[in-house]
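J.: sequence first, predicted coordinates after that:
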Amino acid sequence: MLKLAAFAASIGLFATAAAEIAPVVTGHASTRLLPEVSAAQPGATLWLALDQTLDPGWHVYWKNPGDSGLPLDLGWRLPAGFSAGEPLYPLPEQIKIGPLANFGHSNAATFLIPISVPESISARTVEIGLKATWLICEEICVPEEGAFSLTIPGAAAAEPHPQGAPIVEAARKTLPAPLDATFVAGSGGLTLEAGLNEDFARAFFFPEADGLIEPSADQDVVQAGGKIRIETKAGFAYNPDALENVKGVLVFETQAGERFGRAIDAGPRRDAGASRAPRPPGGAIEGGFAGFLIAAFFGGMLLNIMPCVFPVLFIKAASLAKGAGASAAIARRDGLLYAAGVLATFAALGGLLLALRAGGEALGWGFHLQSPAVVLFSVYVLFLVGLNLAGVFSVGASLQNVGSAAAAKGGPLSAFATGALAVFVAAPCIGPLLSAPMGAAATLPAASGMAIYLALAAGFALPFTALSTFPRLAGFLPKPGPWMSTFKLVLAFPVFAGAAFFLWVLTEQTGTAGLARALAGGLLLAFAAVMFERSKSGPALSLSRAASIAALALALFGSSGLTVVNVATAKDRSYGGLTAVAFDPETIAELRAAGRGVFVDFTAAWCVTCQVNKLTVLSKRSLAAAFAQEDVVLMSADWTRRDPVITEALAQFGANGVPLYVYYPPAGEPSVLAQPLTEQTIIDVIRNSALRRQS
Amino acid sequence: MMKFAVLLLAASVLAAPAVAGPEIDAPAPAFSAMTASGKSISLADFKGKPVVLEWTNDGCPFVKKHYETGNMQETQTAAKEAGMVWISVISSAPGKQGHADPTRANQLTVERGAKPDFVILDESGEVGRAYDAKTTPHMFLIDADGVLRYDGAIDDQPSANHATVDGASNYVLLAINSVKNGEPVTLKRTKPYGCSVKYGS
């Protein structure tokens, strides 16, 4: 009954509001402001349509107008309590003008605007005023404006407006439905991915943000297996690093020429976003000191499988396997001695480092490799280990007398020495996981620093010691057999490779004079090894035994008094086609003042990770091109030899060793690059800071 | 997966230069063109002096806003006082809005009270395309060493409404001041606004 009364009332009111709404005619458009329903209902949303009919060939603009143009500008005059929401735009089209493109609407456009009506309306009639301005273009552009006013009753009941309802209805039908999508921010532009089963002939993505894509560029659309993938080209404001979400409309056109849209609010594709955020200086290890201890421990464990360490450990592991059936007690003793060797060596090196630091020396982890004598010593030891593995000579037990008392003879000392040796050779392989705790160790108070070194040592020693302490674990090792002598021979070669690597490091440090000495020493060692093996079958004081000892002594004597020479030349700093500038803080300041960015490669010849990164990432031609394009200077901070300036620079970033990669933008804070290093991270960091400066 | 991601990244790096248009803080694209006074000039002629490039089209309402309010002329005066060369460029193709022959171009300069040192008649659009000039106005500033320092809008008011000139922040003036004082330009690239440049197809 009440309903009927309301209905009747609304018809009556409708009659008063039904006066035909006339369009505002401007130069190239005819525009009306129409309500969907005949009354403003308290507490409801009143939808209005700004409906434009445009002269043929003329267009108005979408909210992102593309290369030129302006979006619609609406100035409302509303009664108290009313408010207007953002207009909903019809589906845009790409309108090409010569080499440029606009996003807009031609022929006709209907913009839907929600007006929220307050719960209580005091006046009986509601007056809505609008001043709209729009830019309308064909070849030429004309700004136009129109003033609109709409008077409708405020009432609980409303009828569809005879003029407005069909227009709003039609416009609403074409509004894009939401579609789940993800994006991948590549360096050349954005790629959208979504699931879509509908057929279409063409598609184009219109982003809401200005400059995200190049408006005139064609987009690469692939549809397969219910998925679509749209590649766009980067626009002037595209910044892959800062992109958190991408909003816009995907507009499709069917073979029949029908258009439909999908609203996109895409987040980054999960697997693509993970590696992008640059880590803060000092690494991403949370939890402070305890975190560093844990990282050091696990990093130490990981070191065991590094190519620097593995062959050395294998010798011991092989002896364990041999002894598996023989003497658990001896194995346990060896395991503990090995751990002692590792801990003592780490403690000694760490202690020395901390002591020297206290004395004002600028040193970092791996510093012992900055001394050519230590490097030469490593060459000799590895060479001898290689000769041993290759079967040129043997010490103590041979594979033939497995488990004999002889196996234990060289035992206590050799187990301890293996631990020490493992630590020495592990230094070049200190991986990314360890750079943060090692850096922290060098800057924390001495006691905390030492704790970190010992945590590393404990982690490093654990696998082998566990293996030897619990014979059941050793049972998991493959059964000893003839294969071991083959495997031993095979392992000789990575060890020789290690020796060759240190030989190269030595040459970098000391030039060809050092190289000559090392080669002569190697020759003597080979001779000593052969003579030693021969002497084993002869009397205790044979000629061959004497020759062997003499050669060994000569080799060691020859290694003393090596001097570091500066042989750094442009050759050392060549990265593929690009030659790096030598590190110098003043040069960095000058280059930055001149508006150029500087990318610094903190490296050392003895650092394997550094060399791998240099070869596989930094020497890429495409990276050189990106550097040239972004006006970035590549600088090499070579820490092969001791260099307090570089040590200090490393310390600024909380690092205490190499590798470290830092980008100094022309202005603003330098950023430390996340490792593992990829070309993409470098380009991203450079572009990111360039765009930050622009905005 | 990792490998695939690396390949994808590598492919996208190779696929396209990241940003269209001339590069900021890199040598500006060289050009040589005829001026309204019948002289041929090239960018290299002005080595040692900063150069402002202004894309213009006298029929464009956005250009009118800046000339009818005197804003463009003031900017031109500021550039000249800073010892810079001002070059207006008309890239409208024959028959399109804003196209000008030498007589009309010179007449426009007088009528508008404009103060350019040169007006380039670029009806082929060659200079416009080299700079990826998109709108009128679209402004560029090249320093004395020939390095592009600014590319974008004249100010922060994308509107043809004359009233928006008051209180607008003029990006070109900011760039002129920075280059004059030997400081880096802070805002190097903005989105130009206005009518599209009327290139021939």
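T.: Right, received. Where do you want to start? Numbers count the residues shown, from 1 in each chain, chains lettered A, B, ... in the order given.

J.: give me the helices and strands touching the helix or strand hosting A:Ser485, please.
T.: Using DSSP states H and E, A:Ser485 maps to helix A:483-535. Judged by 3 or more C-beta pairs under 8 Å, 6 or more residues apart in numbering or on different chains; DSSP states H and E, the packing partners of helix A:483-535 are helix A:310-323, helix A:372-389, helix A:543-558. C-beta coordinates here come from the backbone N, C-alpha and C atoms, glycine included.

J.: compute the inter-axis angle for that helix and helix A:543-558.
T.: Orientation of helix A:483-535 against helix A:543-558 (axes from the mean of the first three to the mean of the last three C-alpha atoms, to 10 degrees) gives an angle of 100 degrees.

J.: ok now helix A:483-535, how far from the chain's centre?
T.: Distance of helix A:483-535 from the chain centroid (C-alpha atoms, centre = their mean, to the nearest Å) equals 38 Å.

J.: without its sequence neighbours, what residue ends up closest to A:Asp73?
T.: A:Thr133 (4.6 Å; C-beta to C-beta, 6 or more residues apart in numbering or on different chains).

J.: repeat that for A:Gly81.
T.: That would be A:Pro118: by C-beta to C-beta, 6+ apart, it lies 3.3 Å from A:Gly81.

J.: how much space separates the one you found from A:Ser83?
T.: From A:Pro118 across to A:Ser83, the span is 9 Å (C-beta to C-beta, to the nearest Å).

J.: which pLDDT value does the model give residue 100?
T.: Chain wasn't specified; assuming chain A. pLDDT for A:Leu100: 86.

J.: hmm, I had chain B in mind actually
T.: The model reports B:Ala100 with a pLDDT of 93.

J.: what about the nearest residue to it once chain neighbours are set aside, how many neighbours?
T.: Nearest residue to B:Ala100, sequence neighbours excluded (C-beta to C-beta, 6+ apart): B:Ile90, at 5.3 Å. Neighbourhood size, B:Ile90 [other C-beta atoms under 10 Å in any protein chain shown]: 27.

J.: okay, which residue is most central for chain B?
T.: Centroid check for chain B by C-alpha atoms, centre = their mean gives B:Met139 as the closest residue, at 2.8 Å.

J.: check which element follows the worst-scoring helix or strand of chain A on mean pLDDT along the chain.
T.: Taking mean pLDDT, DSSP states H and E as the measure, chain A has helix A:405-409 as its least confident helix or strand, at a mean of 37. Following helix A:405-409 in sequence order, the next helix or strand is helix A:411-426 (DSSP H and E).

J.: can you give me the angle that following helix makes with helix A:372-389?
T.: 120 degrees.

J.: so how far is helix A:411-426 from its chain's centroid?
T.: Taking mean C-alpha positions (C-alpha atoms, centre = their mean), helix A:411-426 and its chain are 37 Å apart.

J.: could you say what helices and strands it packs with?
T.: Against helix A:411-426 (3+ C-beta pairs under 8 Å, 6+ apart) you get helix A:310-323, helix A:328-358, helix A:372-389, helix A:446-469.

J.: in a markdown table: those, plus mean neighbour count, distance to B:Gly200 and mean pLDDT.
T.: A markdown table is the format used below for those (neighbours: other C-beta atoms under 10 Å in any protein chain shown; distance: least, C-beta to C-beta, whole Å; pLDDT from 0 to 100):
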| stretch | mean neighbour count | distance to B:Gly200 | mean pLDDT |
| --- | --- | --- | --- |
| helix A:310-323 | 21 | 69 | 62 |
| helix A:328-358 | 19 | 71 | 78 |
| helix A:372-389 | 22 | 69 | 78 |
| helix A:446-469 | 21 | 70 | 82 |
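
J.: A:Ala546 is nearest to which of the ones you listed?
T.: Taking C-beta to C-beta, helix A:372-389 is the member of these nearest to A:Ala546, at 18.8 Å.

J.: after the host helix or strand of A:Arg32 comes which helix or strand?
T.: A:Arg32 belongs to strand A:29-35 when assigned by DSSP H and E. Counting by DSSP H and E, the next helix or strand C-terminal to strand A:29-35 is strand A:45-54.

J.: contacting residues around that following strand?
T.: Identification of contacts with strand A:45-54 by C-beta atoms under 8 Å, 6 or more residues apart in numbering or on different chains yields A:23, A:28-37, A:40, A:60, A:72, A:74, A:87, A:105-117, A:128, A:130, A:132, A:134, A:136, A:148, A:150, A:164, A:167-168, A:171.

J.: could you flag which of the residues you listed are buried?
T.: A:23, A:28-37, A:40, A:60, A:72, A:74, A:87, A:105-106, A:109-115, A:117, A:128, A:130, A:132, A:134, A:136, A:148, A:150, A:164, A:167-168, A:171 (16 or more other C-beta atoms under 10 Å in any protein chain shown).

J.: returning to what we had before: hang on, the residue nearest to A:Asp73 packs against B:Asn161?
T.: Yes. Counting by C-beta atoms under 8 Å, A:Thr133 touches B:Asn161, with 7.4 Å between them.

J.: what do those two both touch?
T.: Joint contacts of A:Thr133 and B:Asn161 (C-beta under 8 Å, 6+ apart) are A:Pro143.

J.: where exactly do the strands run in chain B?
T.: B:32-34, B:40-42, B:51-55, B:85-90, B:118-121, B:135-136, B:138-142, B:148-152, B:195-196 (DSSP state E).

J.: so what angle separates the directions of the third one and strand B:138-142?
T.: Which is strand B:51-55. Using the same axes, to 10 degrees: strand B:51-55 against strand B:138-142 is 170 degrees.

J.: can strand B:51-55 be said to contact chain A?
T.: No. Judged by C-beta under 8 Å from any C-beta of the partner chain, strand B:51-55 stays clear of chain A, getting no closer than 11.0 Å.

J.: follow-up on the earlier one: the residue nearest to the centre of chain B bridge partners, please.
T.: B:Glu54, B:Gly152 (DSSP bridges).

J.: just to check, it is in contact with B:Asn170?
T.: No. Counting by C-beta under 8 Å, B:Asn170 is not a contact partner of B:Met139; they are 9.7 Å apart.

J.: for chain B, give me the ranges with low pLDDT.
T.: Where chain B drops to pLDDT under 70, the residues are B:1-21.

J.: residues of the stretch 201-350 of chain A that sit close to chain B?
T.: Counting by C-beta under 8 Å from any C-beta, the residues of the stretch 201-350 of chain A near chain B are A:210-211, A:214, A:217, A:233-238, A:271-272.

J.: tell me the one of these nearest A:Ser485?
T.: Nearest to A:Ser485 out of those is A:Asp271 (C-beta to C-beta; 45.2 Å).

J.: look at the closest one and report its pLDDT.
T.: pLDDT, read off for A:Asp271, is 49.

J.: so how far is B:Ile120 from B:Glu126?
T.: B:Glu126 sits 10 Å away from B:Ile120, going by C-beta to C-beta.

J.: ugh, wrong one, I meant A:Ser216
T.: Taking C-beta to C-beta, one finds A:Ser216 at 23 Å from B:Ile120.
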